[in-house]
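**Q** need the 3D shape of this:
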Amino acid sequence: WIYGNRESLTTLRIGEQVESIPYLAFNNFYNISGEIVIPNSVMYIGESAFEGCSNITSVSLSESLTTINNGVFSECSSLVSINIPEGVTSIGDYAFNNCGNLSSIEFPSSLETINYQTFYNCSSLSSLMLPNSVYYIGAYAFYNCSSLESMSIPQSCKYIGEYAFYGCEALRYLSFSDYS
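**A** Numbers count the residues shown, from 1 in each chain. Have a look, this model is predicted:
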């Protein structure tokens, strides 16, 4: 995709003609800052595509996505909020790990799986409500989310992996029930 001086790119605008963003496309382009808008024409974002983009503060995702792949926003330490669009069924391994400022996540009602270390070390998350469609929470999924105080997990959840909530020192309320 883009080769050369990673330090010189500070703004990223993705055009409506783009249908996919490949593996490692903007990996460690740490000077890209502000909001990233991924247009609805994008149907696929490759693994680790934005990993290490430590100055991105928010992301608007394409409504054409069905999966958020492994490591896509890993190490985006300034990312504060993410709205995962309807239609996404799976969030991959490490997708948001080490996003220490991530404090707000909107999950779609279509979400079924949260995988290995998905929100690992997202220390600013304080409250989460998973949709009724979630049936799988992978190992270490919320590991060391040290500010997480409350979480609602639907009854549809059949599997919670080892150490999924390890290090969640502030966790005081964990509910297993469906809601509307």
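**Q** going forward, measure contacts and count neighbours with C-alpha atoms only.
**A** Fine.
**Q** just the helices in the protein please.
**A** Here the chain has no helices by DSSP state H.
**Q** look up how far residue 158 lies from the spatially most central residue of it.
**A** Nearest residue to the geometric centre of the chain (C-alpha atoms, centre = their mean): residue 96, 4.1 Å. Distance from residue 96 to residue 158, counting by C-alpha to C-alpha, to the nearest Å: 23 Å.
**Q** against residue 133, how distant is residue 112?
**A** Applying C-alpha to C-alpha, the value for residue 112 to residue 133 is 5 Å.
**Q** actually residue 43, sorry about that
**A** With distances taken as C-alpha to C-alpha, residue 43 is found 22 Å from residue 133.
**Q** low-confidence ranges, this protein, go.
**A** Scanning the chain for pLDDT under 70 picks out 1-5, 178-180.
**Q** run the last query once more with 80
**A** The model of the chain has pLDDT under 80 over residues 1-8, 177-180.
**Q** all strands of it, in order?
**A** 20-21, 33-37, 44-45, 55-60, 67-68, 81-83, 90-91, 104-106, 113-114, 127-129, 136-137, 150-153, 159-160, 173-176 (DSSP state E).
**Q** so can I have JSON lines of those strands showing mean neighbour count and distance to residue 9?
**A** Shown next, in JSON lines, are the strands of the chain (neighbours: other C-alpha atoms under 10 Å; distance: least, C-alpha to C-alpha, whole Å):
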{"stretch": "strand 20-21", "mean neighbour count": "16", "distance to residue 9": "17"}
{"stretch": "strand 33-37", "mean neighbour count": "17", "distance to residue 9": "9"}
{"stretch": "strand 44-45", "mean neighbour count": "22", "distance to residue 9": "19"}
{"stretch": "strand 55-60", "mean neighbour count": "19", "distance to residue 9": "12"}
{"stretch": "strand 67-68", "mean neighbour count": "22", "distance to residue 9": "24"}
{"stretch": "strand 81-83", "mean neighbour count": "17", "distance to residue 9": "22"}
{"stretch": "strand 90-91", "mean neighbour count": "22", "distance to residue 9": "27"}
{"stretch": "strand 104-106", "mean neighbour count": "16", "distance to residue 9": "27"}
{"stretch": "strand 113-114", "mean neighbour count": "23", "distance to residue 9": "32"}
{"stretch": "strand 127-129", "mean neighbour count": "16", "distance to residue 9": "34"}
{"stretch": "strand 136-137", "mean neighbour count": "20", "distance to residue 9": "36"}
{"stretch": "strand 150-153", "mean neighbour count": "18", "distance to residue 9": "38"}
{"stretch": "strand 159-160", "mean neighbour count": "15", "distance to residue 9": "40"}
{"stretch": "strand 173-176", "mean neighbour count": "12", "distance to residue 9": "42"}
